[in-house]
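[1] I'll drop the sequence and a predicted model, then ask my questions.
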Amino acid sequence: MKISVFAEHLFEAADQEKITFEKALDEAAQSDINGVELDFARLEKDDALPCTIRKHGLDIACVYVFLDFSHSEDMSYAVKVVDTLKRHDIKRLMAIPGFVYDGDDAAICTVRMYKCMNRLSEICSENGIDLCLEDFDDKTAVFSTTEGLLGFMENVTGLGCAFDTGNFIYSCENALDAFEKLKEKITHLHCKDRSYTPKTGEEPKISLDNTALYSSPVGYGGMPIEKIVKTLLKNGYSGYFAIEHFGSQNQISDMKKSAAKLKEWYHDTCNRME
């Protein structure tokens, strides 16, 4: 089972625990985590990051980047992103194509994003990089819903789904319903649980129906992650299971609980399949 964790969690963990980022990487590796999800903004500032991460026994599972194709068809920055990933032998890119704000023409912005994402998909394919998109939890993201995300899957050739188990609830959708419609397109999985219990020092994500959502280790919140993970395993999914709990005030502890729960589900599923 390939498990990854967001590098941002490890940077936060280093601050929380008063340790170095490299020590946080060791904590991840000792928890049988194999990779990291890396923000391109970090990589852009520190070109040595992939080397540092790999030195501690982890690989780059995916790089994610924020683009503005909703307002501009300029591909130069996107090309720079792909060139950087190719140079570091990174095989997956999650591109957030842009946001639609008040006053924007949503239809025009969406068509522009389809067009640019098709160009980016071609460039990625030519360089051996898989391109994916997630259900981003923000009202300005036209791909925050199942329908919106499917629109991109259907209009962008070669685009995979980075299914986030904890983001559909933001748009008041059921994650299992979304999973049934998107499961054949999933190439990457963000294992994000959500808690409804307030946590000291944590700012909640407020859903569109005003529900306060807090972070949670995988398997300890209210999202149906276990069923999604086990179904993917039974269907032969061999990609990464990315641990995600932005906002946690206990990143190391939550990471270890999440990794242990994912491994438990893996063994439950695989032992029964043998």
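    Thanks, I have the structure now.
[2] Strands of the stretch 51-200 of the chain, residue ranges please.
    59-66, 92-96, 130-134, 160-164, 186-191 (DSSP state E, counting those that start in this stretch).
[3] name the helices or strands packed onto the second one?
    Of the remaining helices and strands, those touching strand 92-96 by 3 or more CB pairs under 8 Å, 6 or more residues apart in numbering; DSSP states H and E are strand 59-66, helix 76-87, helix 106-126, strand 130-134, strand 186-191. Yep, even glycine has a C-beta here, placed from its N, CA and C like the rest.
[4] I figured Asp209 hits Glu173, correct?
    No. Contact criterion CB atoms under 8 Å: Asp209 and Glu173 do not qualify, at 10.7 Å.
[5] Of those two, which one has the most company?
    Glu173 (17 against 9; other CB atoms under 10 Å).
[6] For Asp137, see how far away the more buried one is.
    Applying CB to CB, to the nearest Å, the value for Glu173 to Asp137 is 11 Å.
[7] The strands of the stretch 51-200 of the chain into TSV, with extra columns for mean pLDDT and mean neighbour count?
    Below are these laid out as TSV (pLDDT from 0 to 100; neighbours: other CB atoms under 10 Å):
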stretch	mean pLDDT	mean neighbour count
strand 59-66	98	21
strand 92-96	98	24
strand 130-134	98	23
strand 160-164	98	25
strand 186-191	98	23
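[8] Tabulate the ones you listed in TSV, adding columns for distance to Asn34.
    What follows is these, written out as TSV (distance: least, CB to CB, whole Å):
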stretch	distance to Asn34
strand 59-66	6
strand 92-96	13
strand 130-134	17
strand 160-164	17
strand 186-191	14
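[9] Now do the same contact list for the closest residue to Gly160 other than its chain neighbours.
    In space, and not counting its chain neighbours, Gly160 is closest to Thr187: 3.2 Å by CB to CB, 6 or more residues apart in numbering. Contacts for Thr187 (CB atoms under 8 Å, 6 or more residues apart in numbering) come out as Arg92, Asp130, Cys132, Gly160, Cys161, Ala162, Gly239.
[10] Compute the distance between the second one and Ala260, please.
    Okay, so that is Asp130. Asp130 is 28 Å from Ala260, by CB to CB.
[11] go on, the fifth one?
    When CB to CB is the yardstick, Cys161 and Ala260 sit 26 Å from each other.
[12] Any buried residues in the one helix or strand in the chain whose mean pLDDT sits lowest, and which?
    Least confident element among the helices and strands of the chain, by mean pLDDT, DSSP states H and E: helix 251-273 (a mean of 92). Residues 251-252, 254-259, 261-262, 265-266, 269 are the ones in helix 251-273 that count as buried (16 or more other CB atoms under 10 Å).
[13] Same check on stretch 69-77?
    Buried, per 16+ other CB under 10 Å, within stretch 69-77: Phe69, Ser70, His71.
[14] For these, give me CSV that also has pLDDT and distance to Ala61.
    Shown next, in CSV, are these (pLDDT from 0 to 100; distance: CB to CB, whole Å):
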residue, pLDDT, distance to Ala61
Phe69, 98, 24
Ser70, 98, 26
His71, 98, 29
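[15] Distance to Asn167 added to those residues, as CSV?
    CSV is the format used below for the buried residues of stretch 69-77 (distance: CB to CB, whole Å):
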residue, distance to Asn167
Phe69, 20
Ser70, 19
His71, 23
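[16] from the residues you listed, which is closest to Ala24?
    Closest approach between the buried residues of stretch 69-77 and Ala24, by CB to CB: Phe69, at 33.2 Å.
[17] Can you get me a residue count around the nearest residue to the closest one once chain neighbours are set aside?
    Residue nearest to Phe69 in three dimensions, not counting chain neighbours: Cys116, with 3.7 Å by CB to CB, 6+ apart. Other residues near Cys116 come to 23 when the count uses other CB under 10 Å.
[18] Is Cys116 in contact with Pro97, as I believe?
    Yes. With contacts counted by CB under 8 Å, Cys116 reaches Pro97, the gap being 6.6 Å.
[19] rewinding a little: residues touching the residue nearest to Phe69, list them.
    Leu67, Phe69, Glu73, Met75, Ala78, Pro97.
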